[in-house]
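[1] here are the coordinates; sequence isn't available:
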Ligand code: NAP
């Protein structure tokens, strides 16, 4: 990762922050895009001896992302990798789901991936690069109460494979990760009964840690993953195989 710049969206907390810190431990420089303040995360990352910058960017906003990418280039000089991680849930059964619930989840989870990739890839055309998109087990197998979320995460998989096909010959790789249940504030919100039921169904009988996702992101971005593109890697303790 030495001398690389990686944009991590939603990198101020949760899985994104863990990814950013782990890449920094491997020598990578980090740009965080988030709507919540990332300055504390940036301080921690800098203490690992790399450069890091926080950019306040709503990744669902096309023009804000364009500006954010330009600011990364101005401040940090280049972009080698992109991790599209920012995401939200607004869970409801389909019959109760409002138009806004659908639109917001699509904008934050899927349109953001288009926005960030669209503006970053221009620069990657000159240098090559690697993109990792954080999908979800819900996008692979569906999940009751998550029609909007599952559709957005399935959309990410189709998008990832298309980018891999369009830009493979230009030295740009695109892969997706489909995490299962990973302990973060997103999953803390579930009630205890739902967590117990989930645990029963996981062959490894434990929830995942954000680091389990970060290891795979590192593998895919680094030279270890240099002949892998268009792939979706499950990180779920066997919940879906
Ligand atoms: P998290 O703790 O909520 O972190 C996501 C970060 O993205 C938050 O800082 C969030 O800010 C930010 N964000 C939300 N909307 C944004 C926007 N429009 N622009 C920029 N940043 C935005 O979630 P997480 O659990 O780490 O999840 C990270 C990714 O993994 C998500 O894509 C999620 O769908 C995926 N995933 C998670 C799990 C799991 O079990 N945790 C499983 C499968 C997939 P706010 O706090 O203000 O929303």
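    Happy to help now that I have it. Here the structure is a predicted model, which means the values were calculated and not measured.
[2] what pairs with residue 146 across the strands?
    Assessed by DSSP bridges, residue 146 has beta-bridge partners residue 92.
[3] could you do residue 9 as well?
    residue 33.
[4] now do the SS call for the residue sitting furthest away from the middle of the chain.
    What lies farthest from the middle of the chain is residue 95; by C-alpha atoms, centre = their mean that is 28.8 Å. Put simply, residue 95 is helix when judged by DSSP: H, G, I helix; E, B strand; the rest coil.
[5] what about it, distance to residue 101?
    Computed with C-beta to C-beta, to the nearest Å, the distance linking residue 95 and residue 101 is 12 Å. C-beta here means a position set from N, CA and C on the backbone, and glycine is covered the same way.
[6] what do you get for residue 54?
    On the measure of C-beta to C-beta, residue 54 and residue 101 end up 29 Å apart.
[7] more crowded one of these two?
    For residue 54 versus residue 101, neighbours defined as other C-beta atoms under 10 Å are more numerous around residue 54 (21 against 17).
[8] what's the pLDDT at that one?
    We have a pLDDT of 98 for residue 54.
[9] which strand or helix spans it?
    Using DSSP states H and E, residue 54 maps to strand 52-56.
[10] could you point out which element follows that strand?
    Scanning forward in sequence from strand 52-56 by DSSP H and E, the next helix or strand is helix 62-76.
[11] elements contacting that following helix?
    strand 5-9, strand 29-34, strand 52-56, helix 112-127 (3 or more C-beta pairs under 8 Å, 6 or more residues apart in numbering; DSSP states H and E).
[12] my guess is residue 130 meets residue 84, correct?
    No. Counting by C-beta atoms under 8 Å, residue 130 stays clear of residue 84, with 11.8 Å between them.
[13] of the two, which one has the most company?
    More crowded of residue 130 and residue 84, by other C-beta under 10 Å: residue 84, with 31 against 25.
[14] now for residue 202, how many residues are close by?
    That count, for residue 202 with other C-beta under 10 Å as the rule, works out to 17.
[15] typed the wrong thing, it's residue 177
    Using other C-beta under 10 Å, residue 177 has 27 neighbouring residues.
[16] just give me the longest strand of the protein.
    With secondary structure taken from DSSP state E, the chain has its longest strand at strand 172-179.
[17] neighbouring strands for that one, and are they parallel or not?
    Sheet pairing for strand 172-179, assigned by DSSP bridges, gives strand 129-134 (parallel), strand 232-235 (parallel).
[18] what sits up against the helix or strand in which residue 186 is found?
    Under the criterion of DSSP H and E, residue 186 resides in helix 185-188. The contact list for helix 185-188 (C-beta atoms under 8 Å, 6 or more residues apart in numbering) reads 13, 14, 87, 89, 181, 195, 207.
[19] could you check how far the residue nearest to the second one when sequence neighbours are not counted is from residue 123?
    Leaving aside its sequence neighbours, residue 14 sits nearest to residue 184 (C-beta to C-beta, 6 or more residues apart in numbering; 4.0 Å). From residue 184 across to residue 123, the span is 30 Å (C-beta to C-beta).
[20] what does this protein have sitting close to the ligand?
    Counting by C-beta under 6 Å from any ligand atom, the positions of the chain adjacent to the ligand are 9-10, 12-16, 33-36, 58-60, 85-88, 108, 134, 136, 179, 181-182, 184-187.
[21] cool, thanks, signing off.
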